[in-house]
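A.B. asks: Sequence and predicted model, in that order:
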Amino acid sequence: MNQRTLADPRGFRHDGDGNHRFLVGLLGSGIAGSLTPGLHETEADRLGLNYTYRVIDLDVIGQAAENSAALVRQAADLGFDGLNVTHPSKQLVQDGLDELSAEARILGAVNTITFHQGKAVGHNTDHTGFIAGLQAGLPTAATDAVVLLGAGGAGAAVAFGLLRNGTRHLVISDIEPARAEALALRLSPHFPDSRLSVDGTDAVAGSIRTATGLVNSTPIGMTGHPGLPIDPDVIHSRLWVADVIYRPLETELIKAARAKGCKVLDGGRMVVGQAAAAFELFTGIPADAEGMLATFRREVS
């Protein structure tokens with residue numbers, strides 16, 4: 001990659017009165033239609049910030065995912081203030097970083113990078129995004145016993161967020177049992193007061209029947225992957241149900257849970273929560289998460 005790919009912004013880093021011009025970006029593959037730039041720029045406009053958000057799509061610029069770490073260093077050299085990171089680069093960027101936050105180190109994934117005082121620091125705002133969304137959307141939800149479907153990157157962030165927020169028993173189920181086991185083993189030492197257990201997909205129904213909450217972090221239900229990740233008959237009205245999928249917002253799981261009288265949380269809250277947390281890391285200014293959510297719902301509808 002050469003400098004023309006990212007367009008060197010250093011000639012216009014500050015405006016005439018000395019105010020900082022923020023330049024951030026999103027690094028990943030197949031992200032041309034991402035809603036993230038609009039979320040950030042609309043919030044920046046509300047705050048009166050000079051803020052530019054660029055999409056760095058590996059497919060568009062002809063770069064392999066394995067070059068993600070090098071692209072991070074080039075973004076730093078070009079004067080970016082930070083990057084959001086998505087699939088397939090969340091693990092691959094780490095070789096281009098100087099430091100990792102404690103959470104990113106535990107999760108083994110980075111979705112936000114800040115450049116400050118010559119250092120590239122990796123963060124993970126997915127876990128805070130989920131919990132912020134849960135607290136805002138379902139403020140009375142009991143989180144003492146939760147079943148998590150899916151142990152991939154999103155699932156790991158949700159698990160970490162729930163445990164950090166006080167979940168005492170977390171059951172993890174994944175179509176690949178070894179992945180669920182690995183996640184439980186990785187997180188258990190950091191939460192000695194909580195119990196983590198693993199259910200096979202054929203046994204998770206029993207855990208759902210006694211749980212207070214259910215979170216889907218599998219791809220099942222998103223556009224191109226229709227259906228439900230569980231038998232809807234195991235959903236009960238005492239359960240709150242959350243989905244991390246946001247395209248569509250109204251997944252089959254959310255529909256089935258609402259029909260059973262459950263309180264539900266769609267994936268929009270997590271998207272907005274992680275974006276708001278990243279915005280504050282980039283600018284040092286707290287974002288209006290509810291305003292960003294309104295922007296998101298306008299764009300996704």
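C.D. replies: Perfect, I can see it now.
A.B. asks: Can you report how many residues lie near residue 139?
C.D. replies: As a burial measure, residue 139 scores 7 neighbours (other Cβ atoms under 10 Å). All C-beta atoms are positioned from the backbone trio N, CA, C, and that covers glycine.
A.B. asks: and residue 144, what does it touch?
C.D. replies: 166, 167, 168, 169, 212 (Cβ atoms under 8 Å, 6 or more residues apart in numbering).
A.B. asks: What segments of the stretch 51-200 of the chain are helices?
C.D. replies: Assignment of helices within the stretch 51-200 of the chain using DSSP state H, counting those that start in this stretch yields the ranges 58-61, 68-77, 102-107, 126-137, 153-164, 177-187.
A.B. asks: As TSV, the ones you listed with mean neighbour count and mean pLDDT would be great.
C.D. replies: Output for the helices of the stretch 51-200 of the chain, formatted as TSV (neighbours: other Cβ atoms under 10 Å; pLDDT from 0 to 100):
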stretch	mean neighbour count	mean pLDDT
helix 58-61	15	97
helix 68-77	20	98
helix 102-107	18	96
helix 126-137	23	96
helix 153-164	24	96
helix 177-187	17	97
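A.B. asks: Let's have those helices in TSV, adding distance to residue 20.
C.D. replies: Formatted as TSV, the helices of the stretch 51-200 of the chain follow (distance: least, Cβ to Cβ, whole Å):
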stretch	distance to residue 20
helix 58-61	26
helix 68-77	16
helix 102-107	25
helix 126-137	24
helix 153-164	30
helix 177-187	38
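A.B. asks: Got a quick PyMOL command for the buried subset of the contacts of residue 144?
C.D. replies: One line in PyMOL is enough to select the buried ones among the contacts of residue 144; burial here means 16 or more other Cβ atoms under 10 Å:
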select buried, resi 167+169+212
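A.B. asks: Mind checking which of the contacts of residue 144 are in strands?
C.D. replies: residue 169 (DSSP state E).
A.B. asks: hmm, back to that, quick check: which of the helices of the stretch 51-200 of the chain is nearest to residue 294?
C.D. replies: Across the helices of the stretch 51-200 of the chain, the minimum distance to residue 294, taken as Cβ to Cβ, is reached by helix 126-137, at 12.5 Å.
A.B. asks: Can you name every helix or strand that the closest one contacts?
C.D. replies: For helix 126-137, the packing partners by 3 or more Cβ pairs under 8 Å, 6 or more residues apart in numbering; DSSP states H and E come out as helix 102-107, helix 153-164, strand 263-265, helix 268-283, helix 289-300.
A.B. asks: export those to CSV and tack on distance to residue 88?
C.D. replies: Formatted as CSV, the helices and strands packed on helix 126-137 follow (distance: least, Cβ to Cβ, whole Å):
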stretch, distance to residue 88
helix 102-107, 16
helix 153-164, 10
strand 263-265, 27
helix 268-283, 18
helix 289-300, 23
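A.B. asks: Against residue 185, how distant is residue 243?
C.D. replies: To residue 185, residue 243 is 26 Å away according to Cβ to Cβ, to the nearest Å.
A.B. asks: related to what we said a few turns ago, go through the helices of the stretch 51-200 of the chain and name the closest to residue 92.
C.D. replies: Smallest distance to residue 92 across the helices of the stretch 51-200 of the chain (Cβ to Cβ): 4.0 Å, for helix 68-77.
A.B. asks: Residues touching the closest one, excluding its own?
C.D. replies: Applying Cβ under 8 Å, 6+ apart, the external contacts of helix 68-77 come out as 1, 3, 6, 25, 27, 56, 58, 63, 83, 85, 88-89, 92-97, 113, 115, 120.
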